[in-house]
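Student: A predicted structure for the sequence below; I have some questions about it.
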Protein chains: 2
Amino acid sequence: MSNRTKLSDEQRLDWLRLIRSDNIGPRTFHDLVEHFGSVGAALTALPDLARRGGSAQPIRICSRAQAEAELKVAHAAGVEFLALGEPDYPARLKMIDDPPPVVAMRGKLEILLRPLVAIVGSRNASAAGMKFAERVARDLGDAGYVVVSGLARGIDAAAHRASLATGTVAVLAGGHDRIYPADHIGLLEKILIAGVAISEMPFTWEPRAHDFPRRNRIISGLSVGVIVVEAARRSGSLITARLAGEQGREVFAVPGSPLDPRNEGTNGLLKQGAIPVTEAADVIAVIEPILGRGPELPSVQEAAQEPLAPAATEPGVDERARLISLLGPTPVLIDDLVRLSRASPTIVRTVLLELEIAGRLTRHGAGLVSLL
Amino acid sequence: MSNRTKLSDEQRLDWLRLIRSDNIGPRTFHDLVEHFGSVGAALTALPDLARRGGSAQPIRICSRAQAEAELKVAHAAGVEFLALGEPDYPARLKMIDDPPPVVAMRGKLEILLRPLVAIVGSRNASAAGMKFAERVARDLGDAGYVVVSGLARGIDAAAHRASLATGTVAVLAGGHDRIYPADHIGLLEKILIAGVAISEMPFTWEPRAHDFPRRNRIISGLSVGVIVVEAARRSGSLITARLAGEQGREVFAVPGSPLDPRNEGTNGLLKQGAIPVTEAADVIAVIEPILGRGPELPSVQEAAQEPLAPAATEPGVDERARLISLLGPTPVLIDDLVRLSRASPTIVRTVLLELEIAGRLTRHGAGLVSLL
C-alpha cells in the first residue's frame, strides 16, 4: 500500500475482494485497512467483525474466484484496475475524503495527467445551455484542459462531444458493461478514442438512483473545478457542486435568466458565492494559479503504513454493549459517543466499524451516525 | 443654509442664480459656498473670480429676472424647487459627493420619504428582461419600496409601469419641460399620479448626451441600491452601477445567458462582486438591514456654516502665476500642485476655483485637474 508502488496481481485481487464485499464502502474500506494494517488482514478479519457487530447472518465476502472473474472479463473489454496509492491513480481523486479504493478505467489513461475540469448540468437543457457548454468545453480543450462529465443527456453530452478531440473523461454511475443511458454507447466509443471512462462499480453493475450522487463525488474529485451550466433546484448537478465545495474544488456557475427554472440552481450557486462564468477564460484565470501549486499529497496511505497493535483497539464485551445502548435511530455525534461512553476514540471507531460491516450502522456525514 | 431650515424665497432665488450661472456645476457650487461662506457672497464674488481666473470675456451670471422667470413658469407647471439642506431635500441624495444644489420636483413628494430602490437597464431590452423588471418592480412596490428609474425605453419604462400604483420616481436628464423620449410624456403623467419626476436642469433644458451620465448619479444617489437588469458592455446602466458603487450604494445585477450580449454588462458586474438578484426578496434581504441604520447626516452644509476669513485664502499675484504655470493639458494631481507650488492647500483650491469659473479648468476626478 505504499504511495508509489504498483500492487502485485495478488494484492490487487485482495483490494478488489474487500471493496466488492457486502457493507464495505470506500470509507469502511479505509477504516478497515487502517485498523488491521493491510487489506489481506482486513479480509481475514471480516467474518468475525460482522459477527461481533451483530449481523444476523454471515455477510457476503467477495470470493477470490468472483474477483478473478471480474478482472478477467473487464480486462478483455480493455478495462484496467488501479488501486489507491498506485502511481497511475488519478492525482486529485486521491485527495478526497472517500476516494474509491479501486477504479476501473478504459481508454487513453495518460490524459489523466493533464488538468481536469468538470462541466455538468441539466439533462433537459435549453438550446442556449447546450451551446454554451459546447463553447466552453471546446475552448477549455483547446487550452489544454481535459473535460470531465457524467455521460448524461443534455449538458454532459454536449460537453463530451465538444471535447472529443482534445480529450474528455466520462465518469460512469454503473459498471463499464452497463452504460447509462444505453443510447450513449456510441458517444462513449467516440470518447474512448482520445479519452477515458471511469467507474468504481463492478463491471456488470446496473446503476441505480443512489449510485448517481455517489458517482458525482468522482466527477468533482478528479477535477480542479466544476462548472455548472444549467441546473434546476434540487438537481444532481447541485450535488456535484456541493461535493466539489466540500472537496475544496472551485465551483463555477453560468448565469442565466431568472425566468427559466433551469437556471434556479446555477443562480442559487452564484448567490452562495460560486464564480460566475461567461467564457472559458474566467475558468482558466482561476484554475491556472492552482495548477502551479499542484495537488497535495494524500495522507491516508501514509497513516496506513504502520498497523496499529490490535490488542489496544479490541473493545471489551461491556464496552461494546454500552456503546450500542447509546445508539439508536436518531443520529448522534461520534464525539458525543466518545464522551458519553468514556471509551477511547479508537474503541468507539472499532465498534462502529463492526456495526457498519454487520450492516447495522448508517453514517450521515459530519460525524453523525445512527443504528438501523 | 442650516440643515433643517427652509430657505426664504430670496435665498432660494440666489441658490438658483448661482447654479444656473456659467461654469458652475454642483462641485464648484459647493466649493464657492465653502469659500465665501454664503451663496449670496459667492454670487457677488463671481465676476471678479472669473476675471482673476483669466476668463477672456465676462462669464454669464444668471440674472435675478431669469431665475424668477424659471421659478414662475416651473411653479405654474407644478414644479417645486428644493435646495440642499432644506428639510424635504431627498435624504440619501444629500450624502453623495456632488449633490445637486437645487432639485426641481413634481408630483407626490412625500413618497421620497419611503425607501428608494433603482431599477435600470437596456433600452433595447429582451422580452425576458422587461418581464423580469416588471416582476421585481411590482414585488418591491408591494413591499413598500419606491422604484427609481430614468424614464428611458426598455427596462426603465417597464420598471416605472409596474410600480405606477405603489409609487415610482423618474429622474430626468433634461428639464421638466423637455421630456425625453417625447413619447414617454404619457407615461410620465401616469407616474405623477402617485409618483415623482426630478430634474436638476433648467426647466426648458434639452438633454444632450453627456447629461445622461450626470443624471445617473441622481438615480443612484436617491436610492439605497441599484438593480441592473440587462446591460450591454459600456452601457449607461453600467455607469449608474459604477456611480452607485462610488456612492456606497448596493449594486445588484440580474444573471443572464452569456450568449446574449445584453447580459455582458450585468454578468460582468456579477464577476466584480455585484449581488445576484433573481427575485425581489434578494434585494429586500440586503436593503432592510441598511434601512434600520438610516442615512448618515451630510457634512457639507455643516462646514459651510462658518465662512472662512477671505484674507487667509486670497492668493497673491505671484502664487497664482506660479500655479498656472504648473498646469497644462496633462492632468496632474492637486496634491502634487500643492507640493510643487509650496502654496497652502487653501490657496491652491482658490486658484483652481477661479480657473474653473473662468471655464479654463477641467476636473478629471480622483484629484486630477488640467488646464484647457
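Tutor: Now that the structure is in, tell me what you want to look at.
Student: OK, contacts around the closest residue to chain B within the stretch 101-250 of chain A?
Tutor: At 5.1 Å from chain B, A:Ala128 is the closest residue in the stretch 101-250 of chain A, using Cβ to the nearest Cβ. C-beta coordinates here come from the backbone N, C-alpha and C atoms, glycine included. Contacts of A:Ala128 were listed using Cβ atoms under 8 Å, 6 or more residues apart in numbering or on different chains, and they are A:Gly256, B:Ser257, B:Leu259.
Student: Not counting its neighbours along the chain, what's nearest the one residue in the stretch 201-350 of chain A that gets nearest to chain B?
Tutor: Per Cβ to the nearest Cβ, the residue of the stretch 201-350 of chain A with the smallest distance to chain B is A:Pro255, at 3.1 Å. Sequence neighbours aside, B:Pro255 is the residue nearest to A:Pro255 in space, at 3.1 Å (criterion: Cβ to Cβ, 6 or more residues apart in numbering or on different chains).
Student: repeat for A:Pro331
Tutor: A:Leu368 (4.0 Å).
Student: and A:Ile290, what are its phi and psi?
Tutor: phi -70, psi -40 (degrees, to the nearest 10).
Student: Now do it against A:Thr166, distance only.
Tutor: 20 Å (Cβ to Cβ, to the nearest Å).
Student: Compare those two (neighbour count), which wins?
Tutor: Ranked by neighbour count (other Cβ atoms under 10 Å in any protein chain shown), A:Ile290 and A:Thr166 place A:Thr166 first, with 21 against 14.
Student: A:Arg106 looks like it's in a helix, true?
Tutor: No - counting by DSSP: H, G, I helix; E, B strand; the rest coil, A:Arg106 is not part of a helix but strand.
Student: so how many other residues sit close to it?
Tutor: A:Arg106, neighbours per other Cβ under 10 Å, totals 21.
Student: and if you look at A:Gly144?
Tutor: Counted with other Cβ under 10 Å, A:Gly144 comes out at 11.
Student: before we move on, what about the one 4 residues further on?
Tutor: Here the neighbour count serves as a burial measure; for A:Val148 (other Cβ under 10 Å) it reads 31.
Student: Beta-bridge partners for it, please?
Tutor: Judged by DSSP bridges, the bridge partners of A:Val148 are A:Ala118, A:Val169.
Student: residue contacts, it?
Tutor: A:Leu116, A:Val117, A:Ala118, A:Ile119, A:Thr168, A:Val169, A:Val171, A:Ile219, A:Leu222, A:Ser223.
Student: which one of those is nearest A:Arg51?
Tutor: Distances from A:Arg51 to those, taken as Cβ to Cβ, are shortest for A:Val171 (36.1 Å).
Student: A:Arg217 is in contact with the closest one, correct?
Tutor: No - using Cβ atoms under 8 Å, A:Val171 makes no contact with A:Arg217, being 9.5 Å away.
Student: Name the SS class of the nearest residue to A:Arg20 once chain neighbours are set aside, please.
Tutor: Excluding the flanking residues, the one nearest A:Arg20 by Cβ to Cβ, 6+ apart is A:Cys62, at 3.7 Å. Here A:Cys62 is recorded as coil under three-state DSSP.
Student: cool, and A:Ile185?
Tutor: Classified using three-state DSSP, A:Ile185 is helix.
Student: before we move on, back to that, tell me, how many neighbours does the residue nearest to A:Pro255 end up with?
Tutor: Neighbours around B:Pro255, by other Cβ under 10 Å: 27.
Student: which element is it on?
Tutor: Secondary structure assignment for B:Pro255, by DSSP states H and E: no helix or strand.
Student: cool, A:Thr346 as well?
Tutor: helix A:345-357.
Student: List the buried residues in that helix.
Tutor: A:Ile347, A:Val348, A:Arg349, A:Thr350, A:Val351, A:Leu352, A:Leu353, A:Glu354, A:Leu355, A:Glu356, A:Ile357 (16 or more other Cβ atoms under 10 Å in any protein chain shown).
Student: Check which helices and strands it sits against.
Tutor: helix A:26-36, helix A:39-52, helix A:317-326, helix A:334-341, strand A:361-365 (3 or more Cβ pairs under 8 Å, 6 or more residues apart in numbering or on different chains; DSSP states H and E).
Student: Which stretches in the stretch 201-350 of chain A count as helices?
Tutor: Secondary structure of the stretch 201-350 of chain A, counting by DSSP state H, counting those that start in this stretch: helices at A:211-222, A:236-246, A:264-271, A:280-293, A:300-303, A:317-326, A:334-341, A:345-357.
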